[in-house]
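Enquirer: here is a sequence with its predicted model. Questions after.
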Amino acid sequence: MGELLIIKKFIVRKLYRQRMWLHKHTNINNLPKGLSNKLRSSKEVKKAIKDLLKEELLLSKPTHYGLEISLNPKKIKEIENLVE
């Protein structure tokens with residue numbers, strides 16, 4: 001399994017466990033927390049987040065203090081498949 005897929009699964013699982021759907025969101029800088037130092041420092045984290053946003057599995061909410069991220073409730077089946 002590639003690093004990118006591992007990081008994507010980690011991010012989606014983390015948000016899924018914390019029930020970060022639609023109006024409940026977290027700062028984009030909190031997403032890599034919990035990953036190993038090797039994975040956290042790679043450029044793959046930014047690429048994984050960007051891919052998840054493109055696939056519309058994640059929703060973004062710009063704020064004056066940074067970008068906030070939550071799961072897209074319209075893509076619940078794909079998210080649950082990625083989590084398992």
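Expert: Structure received.
Enquirer: any low-confidence regions in the protein?
Expert: Within the chain, the segments meeting pLDDT under 70 span 1.
Enquirer: may I have the longest helix anywhere in it as CSV, with CA atoms only?
Expert: Criterion DSSP state H: the longest helix present in the chain is helix 3-17. Extracted in CSV, the C-alpha atoms of helix 3-17 (Å, rounded to 0.1, in the frame of the first residue of the first chain):
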residue,chain,number,x,y,z
GLU,A,3,2.1,6.2,1.5
LEU,A,4,-0.5,8.4,-0.1
LEU,A,5,-3.3,5.8,0.5
ILE,A,6,-2.1,5.2,4.1
ILE,A,7,-2.3,9.0,4.7
LYS,A,8,-5.7,9.3,3.1
LYS,A,9,-7.1,6.5,5.2
PHE,A,10,-5.6,7.9,8.4
ILE,A,11,-7.1,11.4,7.8
VAL,A,12,-10.6,10.0,6.9
ARG,A,13,-10.6,7.6,9.8
LYS,A,14,-9.5,10.3,12.2
LEU,A,15,-12.3,12.6,11.1
TYR,A,16,-14.8,9.8,11.0
ARG,A,17,-14.0,8.7,14.6
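Enquirer: what sits against the closest residue in space to residue 18 that isn't next to it in sequence?
Expert: Nearest residue to residue 18 in three dimensions, chain neighbours excluded: residue 26, at 7.4 Å (CB to CB, 6 or more residues apart in numbering). In short, each C-beta sits where N, CA and C put it, glycine included. The contact partners of residue 26, taken as CB atoms under 8 Å, 6 or more residues apart in numbering, are 15, 18, 20, 68-70.
Enquirer: out of the residues you listed, who's nearest residue 44?
Expert: Of all the contacts of residue 26, residue 44 sits closest to residue 69, with 16.7 Å by CB to CB.
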